[in-house]
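S.K.: quick one: sequence and predicted model below, then my questions.
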Amino acid sequence: MTFDQIIGQEAVKQRLLEEYQQGRVPHALMLCGPEGCGAMPLAVAYAQMLLGGNVMAEKLQHPDLHFVFPIYKKTSGKDSYCDDFIREWRELLLNHPYFGMSEWMNLSGAENQQLIIYANESEAIMRKLSLKSSQGGYKVMIIWLPEKLHLTCANKILKLLEEPPAQTVFLLVSEQPDQVLQTIRSRTQMVNVPRLTEQEVEQTLIDKYAVQVADAKRIARSCAGNMAQALRTITSDAESEYFFELFVELMRLSYVRKVKEMKIWSDRVAGMGRERIKAFLEYCQKMIRENFIYNFGRQADLNYMSEQEAQFAIKFAPYINERNIIGIMDELSLAQRDIAQNTNAKIVFFDFALKMIVLIKNR
């Protein structure tokens, strides 16, 4: 990956390039920015430049390029290291450089497990950096999400960060730098990587992903400068359409009070699996929120609905108003809580559907 392949961030690119050309490469740099801003692609491109930009570096297989990232224990009672997941990590970086924790969890098979950088990873870091450079140049250690460092691991690498071996460069990529250990932050040069602009995201969707102009505008407006979220939106169109159908069906059944059909609907939704159920509940919250806002002028800059959703809102929006929106959102939040606590999903959704009968009539 090269700087010209990275979306926007011209000021950050210029700074990194000038430091490299002037021989002022910092030994520890922390690129700080929200998910999808391009901080990770910047770190990878910078590392590849430091390592000479050869084929091994391009494939992320250079012997002097090392990665640390949050993982989970593959086997209970046995230590796991980042190298146990390096194949999946390289695949993600090479194919989807604009990613977030959800993409990494899916590809690594983490499911609902908590991902951290374990205490024992410090041993691997120190061992790798104690070796001489195999190519006679820089050694680069990229740490993704240092806020996930176990306290023991963080403390053990403090000395390395402060006084690393010759021609060793640490590149930390943080989405929440305020949660990074202060002693880590104080040993790095922090570089702010801002959110991408709406125009940058929109043009990338059109040029690189062949998204239609109208859809690109809608997605760019809704993702708040998060390229990872924009790409999720592209790939989730089919699921969003299915969620839309489920949402519309529930609202219509609630309005006409068809309890038997609502029970069938609840059973169908409960069978989707917990992660899809959570996504559906988030979709429902979005639709309730958007329909409520739709009542206040229907300006394009206030709504983030697809054309299909907007057409439905013409007749449905009046049913979401000051008298029931808080109640509906509260019930959705309770459903999310119950699903997270592994409550029987059939009961959760049938209960929610029955409450909607009362709430949707509260015009």
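M.R.: Done, it's in.
S.K.: distance check, residue 334 against residue 340.
M.R.: 11 Å (C-beta to C-beta, to the nearest Å). Glycine gets a C-beta too; all of them are placed from N, C-alpha and C.
S.K.: just the strands in the protein please.
M.R.: Along the chain, counting by DSSP state E, strands occupy 28-32, 65-68, 139-144, 168-174, 189-192.
S.K.: quick one: the last one to chain centroid distance?
M.R.: I take that to be strand 189-192. Averaging C-alpha positions (C-alpha atoms, centre = their mean, to the nearest Å) puts strand 189-192 21 Å from its chain's average.
S.K.: indicate each strand paired with it and its parallel or antiparallel sense.
M.R.: strand 28-32 (parallel) (DSSP bridges).
S.K.: one more: the third one?
M.R.: If you go by DSSP bridges, strand 139-144 pairs up with strand 65-68 (parallel), strand 168-174 (parallel).
S.K.: give me the contact list for the longest one.
M.R.: Applying C-beta atoms under 8 Å, 6 or more residues apart in numbering, the contact partners of strand 168-174 are 25-32, 39-40, 43, 46-47, 50, 129, 138-147, 160-161, 164, 180, 184, 188.
S.K.: same question for the first one.
M.R.: Residues from elsewhere that reach strand 65-68 (C-beta under 8 Å, 6+ apart): 47-48, 51, 57, 60, 82, 86, 89, 117, 121, 125, 128-129, 139-144.
S.K.: ok, which of the strands paired with strand 139-144 comes nearest residue 308?
M.R.: Comparing the strands paired with strand 139-144 against residue 308 with C-beta to C-beta, the closest turns out to be strand 168-174 (37.1 Å).
S.K.: can I get that closest one in PDB, CA atoms only?
M.R.: The C-alpha trace of strand 168-174 is given here as PDB (Å, rounded to 0.1, in the frame of the first residue of the first chain):
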ATOM      1  CA  THR A 168      13.200   0.300  15.500                       C
ATOM      2  CA  VAL A 169      10.000   2.100  14.900                       C
ATOM      3  CA  PHE A 170       6.700   1.700  16.800                       C
ATOM      4  CA  LEU A 171       3.600   2.700  15.000                       C
ATOM      5  CA  LEU A 172       0.500   2.700  17.200                       C
ATOM      6  CA  VAL A 173      -3.000   3.100  15.800                       C
ATOM      7  CA  SER A 174      -5.600   4.200  18.300                       C
END
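S.K.: so how far is that strand off the chain centroid?
M.R.: 20 Å.
S.K.: got the buried residues for it?
M.R.: For strand 168-174, the neighbour count (16 or more other C-beta atoms under 10 Å) marks 168-174 as buried.
S.K.: ok, so of these, who is nearest residue 3?
M.R.: Distance to residue 3, by C-beta to C-beta, is smallest for residue 171 among the buried residues of strand 168-174, at 14.3 Å.
S.K.: distance check, the closest one against residue 96.
M.R.: To residue 96, residue 171 is 19 Å away according to C-beta to C-beta.
S.K.: same thing with residue 295?
M.R.: With distances taken as C-beta to C-beta, residue 295 is found 38 Å from residue 96.
S.K.: do residue 28 as well
M.R.: Counting by C-beta to C-beta, the gap from residue 28 to residue 96 is 27 Å.
S.K.: who has more neighbours, these two?
M.R.: A direct count of neighbours by other C-beta atoms under 10 Å for residue 28 and residue 96 places residue 28 higher, at 20 against 14.
S.K.: contact partners for the more buried one?
M.R.: By C-beta under 8 Å, 6+ apart, the contact set of residue 28 is 161, 164, 169-170, 172, 187-189.
S.K.: backbone phi and psi for the residue sitting nearest the centre point of the chain, please?
M.R.: The centroid of the chain falls nearest to residue 100 when counting by C-alpha atoms, centre = their mean (2.9 Å). Here is the backbone geometry of residue 100 (degrees, to the nearest 10): phi -130, psi -170.
S.K.: how is this structure divided into domains?
M.R.: Following automatic domain parsing, one finds the domains of the chain at 3-192, 198-235, 237-360.
S.K.: chain center to stretch 80-90, what's the gap?
M.R.: With C-alpha atoms, centre = their mean, you get 19 Å for stretch 80-90.
S.K.: no no, stretch 172-181
M.R.: Distance, stretch centre to chain centre, for stretch 172-181: 15 Å (C-alpha atoms, centre = their mean).
S.K.: first to last residue in it, what's the distance?
M.R.: The straight-line separation of the ends of stretch 172-181 (C-alpha to C-alpha, to the nearest Å) is 12 Å.
S.K.: what mean pLDDT does stretch 290-304 have?
M.R.: Mean pLDDT, stretch 290-304: 74.
S.K.: let me redo that: stretch 65-80
M.R.: When pLDDT is averaged over stretch 65-80, the result is 88.
S.K.: give me the buried positions along that stretch.
M.R.: For stretch 65-80, using 16+ other C-beta under 10 Å, the buried residues are 65-72.
S.K.: hey, C-alpha coordinates of that stretch in PDB?
M.R.: C-alpha atoms of stretch 65-80 as PDB (Å, rounded to 0.1, in the frame of the first residue of the first chain):
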ATOM      1  CA  LEU A  65       7.500  -6.000   9.900                       C
ATOM      2  CA  HIS A  66       5.600  -7.100  13.000                       C
ATOM      3  CA  PHE A  67       2.000  -6.700  14.100                       C
ATOM      4  CA  VAL A  68       0.200  -6.700  17.500                       C
ATOM      5  CA  PHE A  69      -3.600  -6.600  17.700                       C
ATOM      6  CA  PRO A  70      -6.400  -7.700  20.000                       C
ATOM      7  CA  ILE A  71      -7.100 -11.400  20.000                       C
ATOM      8  CA  TYR A  72      -8.900 -14.100  22.000                       C
ATOM      9  CA  LYS A  73      -7.700 -17.400  23.400                       C
ATOM     10  CA  LYS A  74      -8.200 -20.100  20.800                       C
ATOM     11  CA  THR A  75      -7.800 -22.900  23.400                       C
ATOM     12  CA  SER A  76      -8.900 -22.600  27.000                       C
ATOM     13  CA  GLY A  77      -6.000 -22.700  29.400                       C
ATOM     14  CA  LYS A  78      -3.400 -22.100  26.700                       C
ATOM     15  CA  ASP A  79      -1.700 -18.900  25.900                       C
ATOM     16  CA  SER A  80      -2.500 -17.300  22.500                       C
END
